[in-house]
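Peer 1: one predicted model, sequence on top.
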Amino acid sequence: MKLTTFLYRMARLSRDAEVIASGNPKKMARRARNKYLGRKLLWRLFK
């Protein structure tokens, strides 16, 4: 795995952990929704 890929992946995981640790259900729901929508959008673009 390339260093840049690894660092971006760690940044995303760090943000996920930060949102969960906040305990704010609105932030958690927004994060989950946006991750889901982003994956769906990318799947359609590169299908």
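Peer 2: Structure received. Please read these numbers as outputs of a predicted model, since none were measured by experiment.

Peer 1: name the helices or strands packed onto whichever strand or helix holds residue 42?
Peer 2: Element membership for residue 42 (DSSP states H and E) is helix 25-45. With contacts taken as 3 or more CB pairs under 8 Å, 6 or more residues apart in numbering; DSSP states H and E, helix 25-45 sits against helix 3-22. Bear in mind the C-beta positions are built from the backbone N, C-alpha and C, glycine included.

Peer 1: now for the helix it packs on, which elements pack on it?
Peer 2: Applying 3+ CB pairs under 8 Å, 6+ apart, one finds that helix 3-22 contacts helix 25-45.

Peer 1: residues in contact with the helix holding residue 42?
Peer 2: 15, 16, 19, 20, 22 (CB atoms under 8 Å, 6 or more residues apart in numbering).

Peer 1: repeat that for 6 Å
Peer 2: residue 19 (CB atoms under 6 Å, 6 or more residues apart in numbering).
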